[in-house]
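Q: Below are the sequence and a predicted model for it; my questions follow.
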Amino acid sequence: MVNVTGGLASVAFAVAVGLAAACSAQEKPGSLNFGIFTFTSGAAAAYGMPGKNAADLMIDRINAKGGIAGVPLKATYVDEAQGAQGVIAEYRRLAADPNNQVMIAALSSANCLALAPIAEQLQIPTVGWNCDTHQLLADGKGKYVFRPNGNTVPEFVAYAIYLLQRNPGAKSVAIINPDYAFGHDGAVIFKAALKALKPDIQIVAELYPKLGSPNYQTEISRLTTTRPDVVFSNLWGADLENFVRQAEPRGLFRSSQVILALGETVLQRVDLPDGVIVGVLGDGWWMSPDARANPAAADFSRAYKDRFGEYPVFPSLKMANSLIYIQAAYEAAMRRNGGKWPSRPELADAMKGSRVATLTGTTVTRADNDGVVDQIVGVTARSSGQPGVTISDMVRYRGDELMPKAGTDPIAWISTLTPEFASSLPKPGSYK
C-alpha cells in the first residue's frame, strides 16, 4: 500500500527546501531562469505573440551583451490559452524550481488575479507585464507582485479626457467591449470619467459581445441604427481586427467618432480611416517622440522589424520594458549586496519604489507596487514619411495625474475630476 500522506509530505518538504534555497542563494547561477506567461495560441495570440516575440528579441540582445552581471537569461514560456487551472499549475511547477527566481505573468487580467496570491504565498517576484485590471494591487499589501506598465484607471480616464478635449460637443456615447472583466471594468471607468467631466453626456448603448466572437454584424447594426456621436471600444486581438473589418464597410467610422483603446495594435494589419482615436494603454508607441529620441528604442524597433516582419506594437514594448525593469532590479539588488547575487526577497525589495528608464519613458513603482507610466493618445492619420496608418495629434498625459493615490477607491476618485482639471492637461497635438 502506498503511503499517500507520507508521499505528499515528502513533496511538500522538497518544495519547501527548494524555496528556502532560492531565498538564501547568493552564488551566481549558471543561468537566470524564469517563466513568461502569455497567449501563444488562440484568438488572444494576436496580442500575446507580439509579447513573446519581444521577449525572445530582448533576451537574445541581453545575452549578447553578457546577460545580467554575466548570467545568461533563459525563459520558459507558458501558454495562457490552456485556462486558469493549467496556468496556475505551471506557475507552481516553475516556482518550485529554485533556479527560477522571477516570473513575468501574465497577459490576462484574470490569470494575474489568480496568480497574485500564489506569488505572495511562494514568495517569488512576479512582474505583471500586461495585467491591466486596477483590482490587481487594490489592497496595497502585496510584497512580491509588481506591475510596471500601468492599469485600467489612467488608461481609460485618458480616453475620456482626450475625447472631450477634441470633441467637447459630444452628446451621446455607445460602448462595445468584450464580455469579461476587462471590458466591463473599462466601461465603468470610461463612463465614470465622462460623467464627472461632462455630466449631460448620454450613454445610449452598452454592448458586450462574447470574447472570441467572429461576427459583429448584430452589434454593428445596433450602433449604426443608434448613430451615437461616439463609439468607444476596448476590443482587442483578433476580436478587434474582426470588428474593424466588418464595421468599416458599413459606415460606422463615418457616422460616429470611434475610439479604439487598443487600436494601435491593428494599424499594420487593417486599413483604419483617418481620425479614429487610438492609443497604446501606456507610453509604448514605437514612433513616439520619446522613443524616436532614444537610440535603444530605435535600435530595438529596427531589429524587431527585421526579425518579425513588422514593427513592434505596444504589447511588444510592454514586454520589452518589463525585461528592462527586471534587469534594473537585479543590478540594483547586486549593488546593495556588494555584488552578490540576490535572493528572491532581495530582488523584490529592489523593485519596490524603483524608478526605471525604459525604451519609451520611465516607470515609477509606487508603495503599492503599481507602476506609474504616461498615457499616449492620438488619432489615426496618413503621413508622407510613414507607410500606412500612423498616430497623429498626439498627447502624452503624465501618469501620476491620472491615477488616484494608493489606497483610494478609484471610481470614487474619478468622480472628483472636474472640467477644470481636464482643461489644465496637455492638449491634443502638444506631444511632438
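A: Looks like it came in fine.
Q: just for the protein, where's the confidence low?
A: Filtered on pLDDT under 70, the chain yields the residue ranges 1-26, 384, 387.
Q: tell me the domain ranges of it?
A: Structurally, the chain divides into domains by automatic domain parsing as follows: 13-150+293-369, 153-281+374-423.
Q: is it true that residue 184 lies in a strand?
A: No: judged by DSSP: H, G, I helix; E, B strand; the rest coil, residue 184 forms no part of a strand; its state is helix.
Q: residues touching it, list them.
A: 177, 208 (CB atoms under 8 Å, 6 or more residues apart in numbering). The C-beta positions use only the backbone N, C-alpha and C, and glycine is treated the same way.
Q: again, only this time at 6 Å
A: Residue 184 makes no contacts at all, as judged by CB atoms under 6 Å, 6 or more residues apart in numbering.
Q: Identify each buried residue in stretch 406-414, please.
A: Of the residues in stretch 406-414, those buried by neighbour count under the rule 16 or more other CB atoms under 10 Å are 410, 411, 413, 414.
Q: Determine which two of those are furthest apart.
A: For the buried residues of stretch 406-414, the farthest-apart pair by CB to CB is 411 and 413; their separation is 7.2 Å.
Q: if I've got this straight, residue 93 is in a helix?
A: Yes: assigned with three-state DSSP, residue 93 falls within a helix.
Q: what about it, distance to residue 51?
A: 21 Å (CB to CB, to the nearest Å).
Q: From the neighbour counts alone, determine which of the two ranks first.
A: Using other CB atoms under 10 Å as the criterion, residue 93 and residue 51 rank with residue 51 on top: 30 against 13.
Q: neighbouring contacts of the helix or strand hosting that one?
A: Assigned by DSSP states H and E, residue 51 belongs to helix 45-64. Helix 45-64 has contacts (CB under 6 Å, 6+ apart) with 36, 38-40, 72-73, 75, 107, 236-238, 304, 308, 313, 315-316, 319-320, 323.
Q: buried set for the helix or strand in which residue 205 is found?
A: Using DSSP H and E, residue 205 sits in strand 202-207. The neighbour-count check on strand 202-207 (16+ other CB under 10 Å) flags 203, 204, 205, 207 as buried.
Q: Quick check: beta-bridge partners of the first one?
A: Partner residues in beta bridges with residue 203, using DSSP bridges, are residue 173.
Q: which of the residues in stretch 84-100 are buried?
A: Applying 16+ other CB under 10 Å to stretch 84-100 flags 87, 90, 91, 94, 95, 96, 98, 99, 100 as buried.
Q: Dump the helix holding residue 51 to CSV, restricted to CA.
A: Provided in CSV are the C-alpha atoms of helix 45-64 (Å, rounded to 0.1, in the frame of the first residue of the first chain):
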residue,chain,number,x,y,z
ALA,A,45,-2.3,35.2,-29.5
ALA,A,46,-2.8,38.2,-31.8
TYR,A,47,-1.9,40.2,-28.7
GLY,A,48,0.2,37.6,-26.9
MET,A,49,2.6,36.7,-29.7
PRO,A,50,4.0,40.2,-30.1
GLY,A,51,4.8,40.0,-26.4
LYS,A,52,6.6,36.7,-26.9
ASN,A,53,8.4,38.0,-29.9
ALA,A,54,9.7,41.0,-27.9
ALA,A,55,10.8,38.7,-25.1
ASP,A,56,12.8,36.5,-27.5
LEU,A,57,14.4,39.5,-29.0
MET,A,58,15.2,41.2,-25.7
ILE,A,59,16.6,38.0,-24.2
ASP,A,60,18.9,37.5,-27.2
ARG,A,61,20.1,41.1,-27.0
ILE,A,62,20.7,41.0,-23.3
ASN,A,63,22.6,37.7,-23.6
ALA,A,64,24.7,39.0,-26.4
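Q: quick one: it to chain centroid distance?
A: 15 Å (CA atoms, centre = their mean, to the nearest Å).
Q: likewise stretch 394-407?
A: 15 Å.
Q: Other residues contacting it?
A: By CB under 6 Å, 6+ apart, stretch 394-407 touches 140, 153-154, 157-158, 366-368, 372-378, 410, 413, 425-426, 428, 430-431.
Q: Distance across it, terminal residue to terminal residue?
A: 31 Å (CA to CA, to the nearest Å).
Q: before we move on, the earlier item: out of the domains of the chain, which comes closest to residue 287?
A: domain 153-281+374-423 (6.4 Å).
Q: on that earlier part again, who touches the strand holding residue 205?
A: Residues contacting strand 202-207 (CB under 6 Å, 6+ apart): 172, 173, 174, 175, 176, 219, 226, 228.
Q: Could you do stretch 157-170 as well?
A: 190, 193-194, 197-198, 229-230, 257, 259, 261, 375, 377, 397, 402, 422, 427-428.
Q: Kindly list the longest helix within the protein.
A: The single longest helix within the chain, with elements called by DSSP state H, is helix 314-336.
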